[in-house]
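Asker: Model the structure of this input:
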Amino acid sequence: MQKKAKAARVGIFWFLILCYGLNTVGDELPASKLARGTAEHLLAGIDIFKTSVGEATKRLGEPTRVRETYPATEKIAGDREYVWEKPGVTVELRTEFFRSSELQKSDGEFTSVITVTGTNGAVGRTGRGLKLGDPINAIARIYGNRFDRTYDGVSDLIEIEWKPGTSIIVRWNDKGLINEIDLFAPE
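Answerer: This next block holds a predicted model:
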């Protein structure tokens, strides 16, 4: 009987840890970890709120590939992925678009995520100056120390979130140099 009670307590313990004790990517950070100052909105010269796909194409050239990852219906927004492969950097722009005038925003397509990967910091940089190839300690120098460092099942990462506003996820290589930055629009 004592073994069953102990097993039940251990099970409850792990259930509570999994439900409440671990912050996962995409969850809202606690107030103590929310970044201060103006929310980041620029990555690779693309403003997540203002830059259209057409403007991004003028800046970066024709996309290397475009893929509709989820089709739009009359009631649900669809997703598109635009990818530019440049020397030392890949820029990915994910958008949501609409088929129904009932759901349609001003231009029918808006950016939800911008991702840069690689080593070219001239292209892969935020509005505040964090860039691909920077050491991970540049994050605290540029954005302060209010962020969350976690593991998402693939790699270690740092998540910086502003309230209300955008968030950034930063990943790095085994030398501690930033090799991926993701900028997310508010949900």
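Asker: alpha carbons only for contacts and neighbour counts from here, please
Answerer: Noted.
Asker: Let me know the average pLDDT across stretch 64-76.
Answerer: Mean pLDDT, stretch 64-76: 85.
Asker: strands paired with the helix or strand harbouring L183, and their directions?
Answerer: Per DSSP states H and E, L183 falls inside strand 178-184. Applying DSSP bridges, strand 178-184 is found paired with strand 109-118 (antiparallel), strand 167-172 (antiparallel).
Asker: Would you mind giving those as JSON lines with mean pLDDT, distance to F147 and mean neighbour count added?
Answerer: As requested, those are arranged in JSON lines below (pLDDT from 0 to 100; distance: least, Cα to Cα, whole Å; neighbours: other Cα atoms under 10 Å):
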{"stretch": "strand 109-118", "mean pLDDT": "94", "distance to F147": "19", "mean neighbour count": "23"}
{"stretch": "strand 167-172", "mean pLDDT": "96", "distance to F147": "10", "mean neighbour count": "22"}
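Asker: In a markdown table: the ones you listed, plus distance to G144.
Answerer: Converted to a markdown table, those look like this (distance: least, Cα to Cα, whole Å):
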| stretch | distance to G144 |
| --- | --- |
| strand 109-118 | 21 |
| strand 167-172 | 13 |
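Asker: rewinding a little: now do the strand holding L183, average pLDDT.
Answerer: 97.
Asker: What of stretch 34-49?
Answerer: Rounded mean pLDDT across stretch 34-49 is 93.
Asker: Report the buried residues of that stretch.
Answerer: Of all the residues in stretch 34-49, those buried under the rule 16 or more other Cα atoms under 10 Å are 34-35, 39-48.
Asker: Need the max-distance pair from those residues.
Answerer: Largest separation among these by Cα to Cα: L34 and G45, giving 24.1 Å.
Asker: Go through the strands paired with strand 178-184 and name the closest to E92.
Answerer: When the strands paired with strand 178-184 are compared (using Cα to Cα), the closest one is strand 109-118, at 5.0 Å.
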